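Just need the structure, nothing else, for what follows:
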Amino acid sequence: MESQKIILVAMTEDRLIGREGRIPWHIPEELQLFRELTVGHAVLMGRRTFESIGRPLPERRNIVLSRTLGPTPGVIVCVDLRKGLAEGAAHGSKTFIIGGRQVYREALPIADFMRISWISGHYAGDVYFPPFSLSDWEEIDSRDRTGFRHATYRRRNGDAKHPDHPPCSPDLR
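Take a look at the predicted model:
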């Protein structure tokens with residue numbers, strides 16, 4: 001079975017994802033959701049994202065795309081997205097692509113799912129998620145949370161299965 005390629009991102013309505021190498025907001029419930037979704041799976045990220053986190057994420061296979069990062073305990077370093085995704089697939093059924101901008105740009109055409117935490121409010125920042133068309137994606141789940149709405153999208157015309165659970169009933173939205 002091929003590993004699901006899932007873009008996991010928190011962004012504002014105008015696609016803001018970062019400020020000076022950090023996340024511009026602090027929403028504990030969103031961070032907890034990130035952990036719940038990714039524990040036990042592979043997380044694939046660029047070198048700058050890894051450096052901003054500062055350490056391998058526990059209980060996950062950490063895959064970092066870099067041509068300059070040397071051997072790092074707890075991390076598998078790959079030179080490109082294709083090799084990183086192969087490492088993720090060797091680990092299990094899901095590979096979460098967690099940033100940054102360039103990794104998202106490369107992954108957008110091949111991802112099976114996107115899980116987006118749409119952050120409420122306006123924030124200052126300097127890094128934006130690449131442009132994309134939501135018409136290429138079908139929203140299959142959405143849940144309102146404190147300070148954000150988390151939506152799951154499946155690529156249209158794909159036969160990918162839902163990455164976690166069936167869509168929620170209307171009374172849970």
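
Now do the SS call for the closest residue in space to Gly21 that isn't next to it in sequence.
Among residues not flanking Gly21 along the chain, Ser52 sits closest, at 4.8 Å (CB to CB, 6 or more residues apart in numbering). Quick note: C-beta positions are derived from backbone N, CA and C, even for glycine. Under DSSP: H, G, I helix; E, B strand; the rest coil, the three-state class of Ser52 is helix.

my guess is Ser52 meets Ile17, correct?
No. With contact defined as CB atoms under 8 Å, Ser52 does not reach Ile17; the gap is 11.3 Å.

Compare those two (neighbour count), which wins?
A count of neighbours by other CB atoms under 10 Å puts Ile17 above the other of Ser52 and Ile17, at 22 against 16.

And that one, how far from Gly70?
From Ile17 across to Gly70, the span is 27 Å (CB to CB, to the nearest Å).

Next: Thr12.
35 Å.

out of these two, which sits in the more crowded spot?
Taking other CB under 10 Å, Thr12 and Gly70 do not tie; Thr12 has more neighbours (20 against 6).

Can you tell me the closest non-neighbouring residue to the more buried one?
Ranked by CB to CB, 6+ apart and with sequence neighbours excluded, the top spatial neighbour of Thr12 is Ile119, at 4.9 Å.

show me what contacts that neighbour?
Residues counted as contacts of Ile119 (CB atoms under 8 Å, 6 or more residues apart in numbering) are Ala10, Met11, Thr12, Leu16, Trp25, Ile27, Glu30, Gly147, Phe148.
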